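Colleague: can't give you the sequence, but here's the structure:
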């Protein structure tokens with residue numbers, strides 16, 4: 001049942017997406033192939049989608065930590081924004097003086113710290129003042145966007161019209177994995193992918209093999225029972241939000257240091273909200289989150305390629321597909337979940353008989 005619902009959500013999404021493509025006047029199977037299969041057809045395409053999946057994976061992991069404790073952090077977009085600001089300040093101050101082996105870890109720390117601090121305020125408000133974290137984190141997304149609009153003006157180099165910081169020095173560029181893995185050729189995959197893999201492993205160990213992870217899951221299952229068992233709910237909420245914000249902040253590392261190499265407006269591009277779908281679809285499990293991140297990475301890459309191949313299909317189509325996955329995997333899960341459970345029970349009864 002745990003994995004049945006996401007698979008059904010993807011299957012139903014394929015059907016609805018195929019109907020939408022047919023309505024646009026394009027062959028549904030060819031469009032679905034270009035959207036989901038073509039990005040996996042060659043090594044460069046796989047590397048490209050893994051590059052896009054890496055920040056989504058980090059964001060989804062942060063959100064999954066909160067979902068495990070029934071804390072619905074909807075502010076990953078803003079936390080990623082502020083995380084990008086933190087790493088940019090570190091880079092602009094130090095990239096001319098430090099080698100990459102020191103500059104890159106410091107920038108990552110800056111991203112994690114700024115993201116965590118931005119998430120701390122809604123966490124504190126819920127833990128100490130009872131403010132609902134869904135409302136506060138949504139509002140903090142707008143605050144983060146406006147803070148960035150104001151601060152980016154102070155970072156624009158003299159004579160430049162583009163609302164962006166100066167280009168980072170080479171010491172702040174994320175190393176490509178093809179340096180150590182020549183078979184990748186010219187693939188653009190960088191060490192942010194390794195960062196995501198390490199985060200997945202740490203998440204799995206901490207959530208299921210540590211006392212804090214037990215407290216986290218106990219709080220999510222029944223906060224009152226966890227409180228009577230000795231779990232400090234307020235502290236759990238605040239620490240959970242700090243971890244969630246730090247991982248969302250790290251999601252900015254690839255976007256800023258691995259892609260553009262400068263801070264620009266709107267660089268999250270909705271990644272914080274896509275992370276919600278990935279965490280839900282992956283069932284807050286590290287393997288599920290990784291596979292869901294790869295699926296959405298392929299969806300983003302395939303959506304771009306599809307818009308080039310099929311002029312009748314706009315590039316924003318992948319956003320429509322994302323919305324379908326969120327709808328069928330989250331909002332409508334209870335619509336078909338009872339039927340799945342009934343089928344499972346009937347199958348078990350037949351085998352026992």
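Modeller: Alright, I've got the coordinates. Owing to the predicted nature of the structure, the values given are computational and were not obtained by experimental measurement. Numbers count the residues shown, from 1 in each chain.

Colleague: Quick one: low-confidence residue ranges for this protein.
Modeller: 1-5, 315, 329-353 (pLDDT under 70).

Colleague: in it, which spans are helices?
Modeller: Counting by DSSP state H, the segments of the chain that form helices are 4-23, 28-32, 43-68, 76-94, 100-129, 133-155, 192-209, 211-221, 223-228, 233-253, 271-281, 286-309, 317-326, 333-352.

Colleague: TSV for those, including distance to residue 181?
Modeller: In this view, the C-beta of every residue, glycine as well, is placed from N, C-alpha and C. Below are those laid out as TSV (distance: least, C-beta to C-beta, whole Å):
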stretch	distance to residue 181
helix 4-23	30
helix 28-32	31
helix 43-68	10
helix 76-94	25
helix 100-129	18
helix 133-155	35
helix 192-209	11
helix 211-221	33
helix 223-228	44
helix 233-253	20
helix 271-281	26
helix 286-309	18
helix 317-326	28
helix 333-352	39
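
Colleague: Rebuild these as CSV, extending it with mean neighbour count and distance to residue 168.
Modeller: Conversion of these to CSV gives the following (neighbours: other C-beta atoms under 10 Å; distance: least, C-beta to C-beta, whole Å):
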stretch, mean neighbour count, distance to residue 168
helix 4-23, 16, 38
helix 28-32, 17, 38
helix 43-68, 26, 17
helix 76-94, 26, 5
helix 100-129, 21, 9
helix 133-155, 17, 12
helix 192-209, 17, 15
helix 211-221, 17, 35
helix 223-228, 14, 44
helix 233-253, 26, 12
helix 271-281, 26, 20
helix 286-309, 21, 24
helix 317-326, 20, 29
helix 333-352, 11, 43
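
Colleague: I'd like to know which of the ones you listed is closest to residue 184.
Modeller: For residue 184, the closest of these is helix 43-68, at 6.0 Å, according to C-beta to C-beta.

Colleague: For the closest one, which helices and strands make contact with it?
Modeller: helix 76-94, helix 192-209, helix 211-221, helix 233-253, helix 271-281, helix 286-309 (3 or more C-beta pairs under 8 Å, 6 or more residues apart in numbering; DSSP states H and E).

Colleague: what's the angle between it and helix 271-281?
Modeller: Helix 43-68 runs at 80 degrees relative to helix 271-281, counting by axes from the mean of the first three to the mean of the last three C-alpha atoms, to 10 degrees.

Colleague: just the angle between helix 43-68 and helix 192-209, please?
Modeller: Using the same axes, to 10 degrees: helix 43-68 against helix 192-209 is 30 degrees.
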